[in-house]
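Participant: pasting the sequence and the predicted model now:
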Amino acid sequence: MSTLNTSITTDTAQRETTTQDAVSMAKEKPAEAAIEYGKTVGTPFADDAKFCLRDVEVFYGDTQAIKGISLDIARNEVIAFIGPSGCGKSTFLRCLNRMNDSIDICRVKGRLELDGQDLYDPKRDVVELRARVGMVFQKPNPFPKSIYDNVAYGPRIHGLANRKSELDDIVEDSLRKAGLWNEVKDRLDAPATGMSGGQQQRLCIARTIAVSPEVVLMDEPCSALDPIATAKVEELIAELSQSYTIIIVTHSMQQAARVSHRTAYFHLGHLVEVNDTDKVFTAPEHELTESYITGRFG
Ligand SMILES: Nc1ncnc2c1ncn2[C@@H]1O[C@H](COP(=O)(O)OP(=O)(O)OP(=O)(O)O)[C@@H](O)[C@H]1O
Ligand SMILES: [Mg+2]
């Protein structure tokens with residue numbers, strides 16, 4: 001009996017493996033064949049480039065995660081990065097404020113410029129860079145401090161306020177911009193960890209913008225939020241885009257369509273297509289983009 005059970009289980013497992021292999025071969029093989037190394041269809045370049053990125057390659061040890069990507073990111077645009085899990089969106093995003101520096105086995109090659117200056121210049125002050133290019137993560141990560149101190153943290157270490165009243169103004173202004181002021185103005189001394197997830201995420205956005213960054217990188221900022229909190233963050237992105245350049249990684253195509261001007265489609269470490277967001281979702285140029293947005297893989 002037990003032998004029979006084992007053989008049924010093994011047989012089922014083998015069948016599942018075989019089916020999965022077939023599905024992934026069907027997906028992976030033609031996908032690789034449809035991509036030309038270093039080539040992106042659509043409009044990857046911009047006149048008013050904040051970031052100019054050329055032939056970017058990223059390696060984790062011997063494994064290449066980013067394969068010859070060239071892209072401009074324009075001043076004050078919102079660009080969405082989309083693509084199947086593991087295609088390199090977070091890796092590429094982290095190149096833009098040198099967050100990958102903290103991963104020992106990670107090497108970044110190519111030309112990466114912010115306002116025409118080499119991002120990877122060894123003389124560059126990385127703390128100053130990360131104030132200019134702020135980042136909001138998937139999971140809200142407030143410090144175990146008060147709401148006030150979370151927002152005041154960056155301005156304090158960067159010496160942005162000379163007096164308490166100036167710091168108060170920065171904190172209020174940042175919380176207002178993050179759409180949180182009315183909810184927290186009476187409890188600024190309360191611990192940030194006692195806020196709801198959506199409030200914590202908006203607090204992290206307030207903390208990022210408190211140091212007046214030029215660029216905000218967002219890696220799936222709404223994936224842990226409910227639809228109401230998501231809508232608030234999306235409204236905020238629309239407002240922030242008046243003054244900042246925003247790069248958002250998202251698994252939600254509706255979100256990319258709602259918030260971004262251009263959309264970049266990544267696949268297996270390649271940047272396959274960049275186009276105006278409307279075009280990507282209504283008339284994609286590349287067959288792989290089309291397969292992804294119509295749900296054939298991802
Ligand atoms: N710290 C790391 N060390 C080694 N390999 C890594 C590391 N981070 C990412 N990778 C690899 O690099 C590739 C790209 O990963 P990345 O996290 O950038 O993908 P992603 O598009 O953001 O995926 P997801 O949508 O799941 O977040 C994957 O093959 C991943 O396994
Ligand atoms: Mg990711």
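Facilitator: Nice, I can see it. Ligands and ions are numbered 1, 2, ... in the order given.
Participant: need the residues of the stretch 101-250 of the chain near ligand 1, please.
Facilitator: Residues of the stretch 101-250 of the chain lying near ligand 1 by Cβ under 6 Å from any ligand atom: residue 103. C-beta: built from backbone N, CA, C; applies to glycine.
Participant: for the stretch 101-250 of the chain, what spans make up the strands?
Facilitator: Along the stretch 101-250 of the chain, the stretches classed as strands by DSSP state E, counting those that start in this stretch are 106-114, 117-118, 133-136, 215-219, 245-249.
Participant: list the contacts for the residue lying closest to residue 135 once chain neighbours are set aside?
Facilitator: Excluding its sequence neighbours, the residue lying closest to residue 135 (Cβ to Cβ, 6 or more residues apart in numbering) is residue 217, at 4.5 Å. Residues near residue 217 by Cβ atoms under 8 Å, 6 or more residues apart in numbering: 93, 96-97, 133-136, 247.
Participant: then residue 287?
Facilitator: residue 34.
Participant: kindly provide the distance from it to residue 265.
Facilitator: The spacing between residue 287 and residue 265, counted by Cβ to Cβ, to the nearest Å, is 11 Å.
Participant: and if you look at residue 88?
Facilitator: Distance from residue 88 to residue 265, by Cβ to Cβ: 12 Å.
Participant: more crowded one of those two?
Facilitator: In this view residue 88 and residue 265 are compared by other Cβ atoms under 10 Å, and residue 265 has more residues nearby, 30 against 22.
Participant: now do the helix or strand hosting residue 72: distance to the chain's middle.
Facilitator: Residue 72 belongs to strand 63-74 when assigned by DSSP states H and E. Remark: strand 63-74 is offset 14 Å from the chain centroid, using Cα atoms, centre = their mean, to the nearest Å.
Participant: CA atoms only: put that strand into CSV for me.
Facilitator: The C-alpha trace of strand 63-74 is given here as CSV (Å, rounded to 0.1, in the frame of the first residue of the first chain):
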residue,chain,number,x,y,z
THR,A,63,26.0,35.5,-12.9
GLN,A,64,24.9,38.3,-15.1
ALA,A,65,21.7,39.9,-13.9
ILE,A,66,21.6,43.0,-16.2
LYS,A,67,22.5,42.6,-19.8
GLY,A,68,23.7,45.7,-21.6
ILE,A,69,20.9,48.2,-20.8
SER,A,70,21.0,51.8,-22.3
LEU,A,71,18.3,54.2,-21.1
ASP,A,72,17.7,57.9,-20.3
ILE,A,73,15.4,58.9,-17.6
ALA,A,74,14.1,62.4,-18.2
